[in-house]
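Enquirer: Give me coordinates for this.
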Amino acid sequence: MYWIFIINGREDMRFIDDDLKPQLEGSGLKYELYHTLGEGDATRFVRIYIDFHPDDEVCFVACGGNGTLSEVAAGVVGSKNKSVALLAYGATSSFSCYFPGRNFRSVKDLIAGETMKSDIIKCNNEYSINIANFGFDAMCGYFGDMYIREGKSKPYFRGTMRALLFNRANNYRIIVDGKKMSKGLTMMCAVANSQYYGDFYKCAPNAKIDDGYFDVVVARFCPLLVFLILFDKFKTGEYVNSKFASLVFKFCKAKHIEASSKNLIYFLVDGEVVANRHFNIDLIEKAVTLRIPRLETEAK
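Expert: So this is what the prediction gives:
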């Protein structure tokens, strides 16, 4: 097994090397480090590497957050003898919350871990192994990342408040497996392969990364006071069992979605913003071999 650690090359991610290199010294691994050069570079690097080493057994380790992981996973789709792993160093590494009791900062635990097949979402030409979303929640992430770059405190809280005030009423046409799901103004839509996004919001508590479906969560436009009442239930995922919340939220499992609007839709694909007036979203079943760390109880 050859290991390639793909490190988010942003200036604010330089600390990753300081944490990673001591863990690799004396590990006995055959490995190399690669620092990304910008958005999309991880996917390009992985695809080129696979083209030159099609039969080699390689684990590509995304060292960053959800965005870095999805870029790496996008490069691996359709290849053989290749796996993907995460060392969670990003501002939003909520994908790791799907696997409680595992240390996503430990190289040792990753080496001793296990593999599983994971579905992946394809959104036009972009990929998401976690959650893709549009509407006010996408703008929460967009503004949150902006506040991080500006060095603001509580960036995702600030981003959420800004989006709630200015991005709650959206006119989308959402077709889920051939049936229209939206009616009237839509506040948000999340397409979930996993369960958590943003600042660890459990928006899709029933989602499974290997069940052959993504979970679709649509929220109708509602008065701000109503949403604030429901906010804690949405954050913890308890809204799926609330009769009151069902007046606002609709959810189902699906394999294909079409989303369109007369205006640009700002789609957040695991942290990366993509803008278009029409999106085709499909699930590719068991497209990625995912390597996850061993359980912490097994490490004792």
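
Enquirer: Mind listing the residues bridging to residue 83?
Expert: Counting by DSSP bridges, residue 83 is bridged to residue 59.

Enquirer: If you tally nearby residues, what's the number for it?
Expert: For residue 83, the neighbour count with other Cβ atoms under 10 Å is 20. Yep, even glycine has a C-beta here, placed from its N, CA and C like the rest.

Enquirer: For it, give me its contacts.
Expert: Counting by Cβ atoms under 8 Å, 6 or more residues apart in numbering, residue 83 makes contact with 58, 59, 60, 76, 115, 288, 289, 290, 291.

Enquirer: residues in contact with residue 142?
Expert: By Cβ under 8 Å, 6+ apart, the contact set of residue 142 is 159, 163, 266, 268, 273.

Enquirer: so what pLDDT did the last one get?
Expert: Turning to residue 273, the model gives it a pLDDT of 84.

Enquirer: so where do the helices sit in this structure?
Expert: For the chain, the helices defined by DSSP state H cover 15-24, 41-52, 66-76, 107-111, 136-149, 155-166, 224-236.

Enquirer: any idea which of the ones you listed is most buried?
Expert: A comparison of the helices of the chain by mean neighbour count, using mean count of other Cβ atoms under 10 Å, puts helix 66-76 on top with a mean of 28.

Enquirer: neighbouring contacts of that one?
Expert: The contact list for helix 66-76, computed with Cβ under 8 Å, 6+ apart, reads 6, 8, 36, 40-47, 50, 60-62, 82-84, 86, 90, 92-95, 118, 120, 126-130, 197, 269-272, 288-289.

Enquirer: From these, list just the buried residues.
Expert: Among the contacts of helix 66-76, those buried by neighbour count (16 or more other Cβ atoms under 10 Å) are 6, 8, 36, 41-43, 45-46, 50, 60-62, 82-84, 86, 90, 92-95, 118, 120, 126-130, 197, 269-272, 288-289.

Enquirer: So what's the residue count around residue 195?
Expert: So residue 195, with other Cβ under 10 Å, has 23 neighbours.

Enquirer: Ok, residue 284 next?
Expert: Neighbour count of residue 284, defined by other Cβ under 10 Å: 17.

Enquirer: show me what contacts the residue nearest to it when sequence neighbours are not counted?
Expert: Distance criterion Cβ to Cβ, 6 or more residues apart in numbering; nearest residue to residue 284, sequence neighbours excluded, is residue 120 at 5.2 Å. Contacts for residue 120 were tallied using Cβ under 8 Å, 6+ apart; they are 73, 74, 77, 127, 128, 129, 193, 283, 284, 287, 288.

Enquirer: Identify those among those that sit within strands.
Expert: 127, 128, 283, 284, 287, 288 (DSSP state E).

Enquirer: The first one against residue 84, yeah?
Expert: It refers to residue 127. No: counting by Cβ atoms under 8 Å, residue 127 stays clear of residue 84, with 11.2 Å between them.

Enquirer: low pLDDT regions in this structure?
Expert: Where the chain drops to pLDDT under 70, the residues are 91, 199, 299-300.

Enquirer: Mind checking which residue lies nearest the centre of it?
Expert: Taking Cα atoms, centre = their mean, the centroid of the chain lies closest to residue 130, which sits 3.1 Å from it.

Enquirer: Residue 89 and residue 16 touch, don't they?
Expert: Yes: using Cβ under 8 Å, residue 89 is in contact with residue 16, at 4.9 Å.

Enquirer: Now for the two: what residues contact both?
Expert: 8, 63, 64.

Enquirer: ok, residue 20 - contacts?
Expert: 5, 7, 33, 63, 87, 107.

Enquirer: How about residue 87?
Expert: Residue 87 sits next to 5, 16, 20, 61, 62, 63, 104, 105, 107, 110 when contact means Cβ under 8 Å, 6+ apart.

Enquirer: List just the nearest of those residues to residue 277.
Expert: residue 62 (30.5 Å; Cβ to Cβ).

Enquirer: In contact with that closest one: list those residues for me.
Expert: 6, 42, 68, 69, 71, 72, 73, 84, 85, 86, 87.

Enquirer: Then residue 239?
Expert: 230, 233, 245, 249.

Enquirer: What is the most widely separated pair among those?
Expert: The largest separation in the contacts of residue 239, counting by Cβ to Cβ, is between 233 and 249 at 9.3 Å.

Enquirer: quick one: residue 89 and residue 101, what's the gap?
Expert: Distance, residue 89 to residue 101, by Cβ to Cβ, to the nearest Å: 19 Å.
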